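K.L.:
Predicted model, plus sequence, below.
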Amino acid sequence: MGDVGSSALGFLGACFSLWAATEKIFPIWVGILVFSPFIVDATVTLLNRLLAGHRVWSAHRSHYYQRLVQIGWGHRKTVIVEYGLMIAAGLSANMAVALSPQWQWILIIVWCLVYLGLGLGVRDMESATMRNG
């Protein structure tokens, strides 16, 4: 799709999420959860590049999906796992609207822990790949 298409779709998704939150259709965090696989990956990648002193606007291969392919997962396995993550985030966001506020907070915390675990898991797999040659 490229940067132009993905930027336009991301902007449209953000606008619809803001509109829905303004109209009290669902809280803003529901829209964020739907797009969280992309938001978390881009945010963590850019922060890591910034902290490492790299130019964040330069081309790179440090997104999580790129790192999984580089350690040997291949495109098919990586895409299947990414699709599963996106479906899970979307379904749980859809389900969250019917939950009580307490359970909504629990869902948000669970997703934060999921992303933390996934990020650490990718880092550990990279380390194991480097050790094993």
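P.N.:
That came through fine.

K.L.:
sec struct for residue 75, please.
P.N.:
helix (DSSP: H, G, I helix; E, B strand; the rest coil).

K.L.:
Counting neighbours, what do you get for it?
P.N.:
10 (other C-beta atoms under 10 Å). Where you see a C-beta, it was placed from the backbone N, CA and C, and this is true even at glycine.

K.L.:
The nearest residue to it once chain neighbours are set aside and residue 78: what is the separation?
P.N.:
Nearest non-adjacent residue to residue 75, counting by C-beta to C-beta, 6 or more residues apart in numbering: residue 69, 6.0 Å away. Using C-beta to C-beta, to the nearest Å, residue 69 is found at 5 Å from residue 78.

K.L.:
same deal with residue 49?
P.N.:
For residue 49, the distance to residue 78 (C-beta to C-beta) stands at 20 Å.

K.L.:
Residue 10 too?
P.N.:
Residue 10 is 21 Å from residue 78, by C-beta to C-beta.

K.L.:
Look at these two and report which has more neighbours.
P.N.:
residue 78 (18 against 14).

K.L.:
which stretch of helix or strand covers the more buried one?
P.N.:
Using DSSP states H and E, residue 78 falls within helix 74-96.

K.L.:
Compute the inter-axis angle for the very next helix or strand once past that helix and helix 74-96.
P.N.:
Per DSSP H and E, the first helix or strand lying C-terminal to helix 74-96 is helix 101-132. If you take axes from the mean of the first three to the mean of the last three C-alpha atoms, to 10 degrees, helix 101-132 sits at 170 degrees to helix 74-96.
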